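Asker: Sharing a model that was predicted from the sequence below.
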Amino acid sequence: MTGEPPSAAPSSAAATPAHPAKPASHMSAHMRFWPMAVGAIGVVFGDIGTSPLYAFRLALQQASGDGVHADAVFGVVSLALWALILVVTVKYVIFLMRADNKGEGGVLALMALAQNAMGRRTTLVFVLGVAGAALFYGDSIITPAISVLSAVEGLKTVPALQNSVSESVEIILSLVILGGLFFAQSRGTAKVAVLFGPILVFWFLCIAATAAPHILHQPGILLAISPTYAVGFLVRHGVVSFMVLGSVFLTVTGAEALYADMGHFGRWPIQAAWLFLALPCLIINYLGQGAFALEVLHRAGGQPVGDVDWFFQMTPEVVRAPMVILATAATVIASQAVITGAYSMTQQAMQLGLLPRMIVRRTSETAAGQIYLPQINMFLAVGVVLLIAVFKNSDNLGQAYGLAVTGTMVVTTSLAFIVVRRRWRWPLIGALALIAPMWSLDVTFLAANSLKILSGAAMPLVLGGALFLIMATWVRGGDLLTAKVRRDTPDLDDFLGMLQARPPHRVTGTAVYLTADPDHAPGALLHNLKHNKVLHQQNIILTVETTDTPRVPEDERVRCEPINDDFKRVAVKYGFMETPNIPKAMAACRKQGLVFDVLSTSFFLGRKTVVANLRKGLGYWQDRLFILLAKNSANPTDFYQIPPGRVLEMGTQVSV
């Protein structure tokens, strides 16, 4: 998401040798593949790659109770490894990345795919998609806070600084770092994005290198690879083990990014980066932290020991300070990826009609993924500051982390079942055999994280609920508004017949009327005739449609059809990953015989002032919420990139 979305690498490029007659294309495919794989490491794996900073410590802390002991170490390491294998590798890398929407992934892309498979927008698919998107924003706020805080807390493990670093210092440093990150968003990340991949590659290699010596000293930790230790720990520890699962889940919190960012890098680069770098390094690190814990227990004579920052303490003192700096850089990159993901998710939601229009600024002339949304940036920044102010350290934040992510995963798996059943047309037994184990695992993690509600996990749930209410209100209010406008405006064909019977005064030039309903007379056209009493020489009824695919081919972008000698109907299509540009799209109309000059064209927009209807509508509070959202919606002139000097707005009042 920090660069221009390249096309997905073809599978043949990685699986079969090039034809002897085309060595150049073979080399070109490999030249594209490796930069995309490195780029994927920098953008996709930042969140899951920085989980070792806090996940093992928090899980072992809950598993140990009155002190760390060997049984807990083996159990937590085994649970962490198998969470990575089952949730990330099997579910996301092997299965879900095949359930793509024209190469795009993510909960909203999957929702659009499920809607297409169902043939219409159903309540179930809508609720699942909106819930998943709402919970994603909760994750977008918590990830920067817990990641950066956990890295800064590593300063306490540096011998020269341990007496001068207090909790207040950690909070101030974290806020300064995150404040700088959010402040820099408006300038784009194109110049530094090229460093993200190499830095994260170095990070993965370092976390494996610092862990490997401890595995050599305690090779017995390799037994934790056996799932029997995970199962045995769950059986022996009952309710405690269920609570530990909530913290173990922190090892896989970045799994959604693998799926969501598939359209930017392609399936093969992400899969290769995970299987050959990220996964092996994470496994080595968790084994190394477990081995270091066994070393500490051995030095303590087998007696239980207290809580330790295992990640930084196992790093040699001579490189501990550089490791803290590297960890901070890695967490900033992880935070950047999540922030950019929130921008991308918001753009998709706006295009799908789930959120009101917001200002979208492009920070790069060449990179399609380089966008900046000031309102979302401020929302995330305020949320992160509040989280750090309330929870103060990564241990407390860990209690709030996980519930939003597990909720999103349950939604993703549920939508995947609809796709497998309806789009892939698998028999019910086969679809259940594939999805049921994954769904059961997700629900188990969700239930385990639900136990942390009283400890802070309710915060992302409340945030997700609020965003769900906003999206549901906007969609329902929009439907009511559209239905009312249809009732109050005449059919376009009937209206044009009336114009021919009593033609108004004509003026030169072209008028473009934007409308959401091409079958009814646009409100702006009615008001122009009512107040100005003129009709342009050429009139275009323009409709912008959002498809359930990520992008629309340029040759399918515009469809022009004549209505009569004076009016033409133009439909412009955009995918939910695209940003509308009306002047650019209309330039393509020339190929279909529609000739006009944009600089002498007037764009008429209907600006509706929404007021509450006391007898009908959404309800007292939702009516006012919808009106507030409508008032703060971005100007369509900016959203559709229409030259401001060519726009005339015709206002009207509508009650809902």
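Answerer: Cool, the structure landed.
Asker: And residue 528, which helix or strand is it part of?
Answerer: In the assignment (DSSP states H and E), residue 528 maps to helix 523-531.
Asker: Please name every helix or strand in contact with that helix.
Answerer: For helix 523-531, the elements it packs on are strand 505-514, strand 534-546, strand 601-611, strand 647-655, judged by 3 or more Cβ pairs under 8 Å, 6 or more residues apart in numbering; DSSP states H and E. From N, CA and C alone the C-beta is placed, and that goes for glycine too.
Asker: would JSON lines of the ones you listed with mean pLDDT be doable?
Answerer: Output for these, formatted as JSON lines (pLDDT from 0 to 100):
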{"stretch": "strand 505-514", "mean pLDDT": "91"}
{"stretch": "strand 534-546", "mean pLDDT": "92"}
{"stretch": "strand 601-611", "mean pLDDT": "83"}
{"stretch": "strand 647-655", "mean pLDDT": "78"}
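Asker: mind checking which of those is nearest residue 287?
Answerer: Closest approach to residue 287 among the helices and strands packed on helix 523-531 is made by strand 534-546 (47.2 Å; Cβ to Cβ).
Asker: For the closest one, which residues meet the burial criterion?
Answerer: 535-536, 538-544, 546 (16 or more other Cβ atoms under 10 Å).
Asker: Quick one: low-confidence residue ranges for the stretch 201-350 of the chain.
Answerer: Applying pLDDT under 70 to the stretch 201-350 of the chain picks out residues 302.
Asker: before we move on, back to that, hmm, who's touching the helix holding residue 528?
Answerer: Here helix 523-531 makes contact (Cβ atoms under 8 Å, 6 or more residues apart in numbering) with 485, 489, 504, 511, 513-515, 534-535, 539, 541, 604-606, 608, 648-652.
Asker: any idea of the angle it forms with strand 647-655?
Answerer: 100 degrees (axes from the mean of the first three to the mean of the last three Cα atoms, to 10 degrees).
Asker: Report the contact partners of residue 232.
Answerer: residue 75.
Asker: now the strand or helix carrying residue 443: mean pLDDT?
Answerer: Applying DSSP H and E as the criterion places residue 443 in helix 428-450. In this model, helix 428-450 carries a mean pLDDT of 93.
Asker: Which neighbouring elements make contact with that helix?
Answerer: Applying 3+ Cβ pairs under 8 Å, 6+ apart, one finds that helix 428-450 contacts helix 227-248, helix 403-418.
Asker: pLDDT value on the residue nearest to residue 576 when sequence neighbours are not counted, please?
Answerer: Leaving aside its chain neighbours, residue 576 sits nearest to residue 351 (4.2 Å; criterion: Cβ to Cβ, 6 or more residues apart in numbering). Model confidence at residue 351, given as pLDDT, is 89.
Asker: From residue 517, how far off is residue 351?
Answerer: Using Cβ to Cβ, to the nearest Å, residue 351 is found at 18 Å from residue 517.
Asker: Neighbour count for these two, which is higher?
Answerer: Shown here are residue 351 and residue 517; by other Cβ atoms under 10 Å, residue 351 has more neighbours (23 against 15).
Asker: on that earlier part again, return the members of the contacts of helix 523-531 classed as buried.
Answerer: For the contacts of helix 523-531, a burial check counting by 16+ other Cβ under 10 Å picks out 485, 489, 511, 513-515, 535, 539, 541, 604-606, 608, 650.
Asker: re earlier: deepest of the helices and strands packed on helix 428-450, which one?
Answerer: Of all those, helix 403-418 has the most neighbours on average by mean count of other Cβ atoms under 10 Å, namely a mean of 25.
Asker: So what's the gap between that helix and the chain middle?
Answerer: Mean C-alpha position of helix 403-418 versus that of the full chain (Cα atoms, centre = their mean, to the nearest Å) differs by 13 Å.
Asker: now swap in stretch 439-457 and tell me
Answerer: Mean-position distance between stretch 439-457 and its chain equals 21 Å (Cα atoms, centre = their mean).
Asker: coming back round to it: now do the helix holding residue 443: everything it contacts.
Answerer: Helix 428-450 has contacts (Cβ under 8 Å, 6+ apart) with 86-87, 90-91, 95, 242-246, 249, 402-403, 406-407, 409-410, 413-414, 416-417, 420-421, 426, 457.
Asker: cutoff 7 Å now
Answerer: Contact with helix 428-450 is made by 86-87, 91, 242-243, 245-246, 249, 402-403, 406-407, 409-410, 413-414, 416-417, 420-421, 457, as judged by Cβ atoms under 7 Å, 6 or more residues apart in numbering.
Asker: Surely residue 185 touches residue 377?
Answerer: Yes: using Cβ atoms under 7 Å, residue 185 is in contact with residue 377, at 5.1 Å.
Asker: Compare these two (neighbour count), which wins?
Answerer: For residue 185 and residue 377, the more surrounded residue by other Cβ under 10 Å is residue 185, and the numbers stand at 23 against 17.
Asker: I'd like the distance between the more buried one and residue 359.
Answerer: Using Cβ to Cβ, we find residue 185 at a distance of 13 Å from residue 359.
Asker: again, but for residue 427
Answerer: Distance, residue 427 to residue 359, using Cβ to Cβ: 48 Å.
Asker: who has more neighbours, the two?
Answerer: Legend: neighbour count by other Cβ under 10 Å for residue 427 and residue 359, higher for residue 359 (13 against 9).
Asker: Could you double-check that the more buried one sits in contact with residue 634?
Answerer: Yes: contact criterion Cβ under 7 Å: residue 359 and residue 634 qualify, at 5.0 Å.
Asker: hey, where'd the strands end up in the stretch 251-400 of the chain?
Answerer: Listed in chain order, the strands found in the stretch 251-400 of the chain under DSSP state E, counting those that start in this stretch are 361-362, 371-372.
Asker: tell me the mean pLDDT for the last one?
Answerer: Looking at strand 371-372 alone, the average pLDDT works out to 86.
Asker: so what does the helix or strand where residue 572 lies touch, helix or strand wise?
Answerer: Secondary structure from DSSP H and E places residue 572 in strand 567-574. Packed against strand 567-574 by the contact rule (3 or more Cβ pairs under 7 Å, 6 or more residues apart in numbering; DSSP states H and E) you find strand 534-546, strand 558-562.
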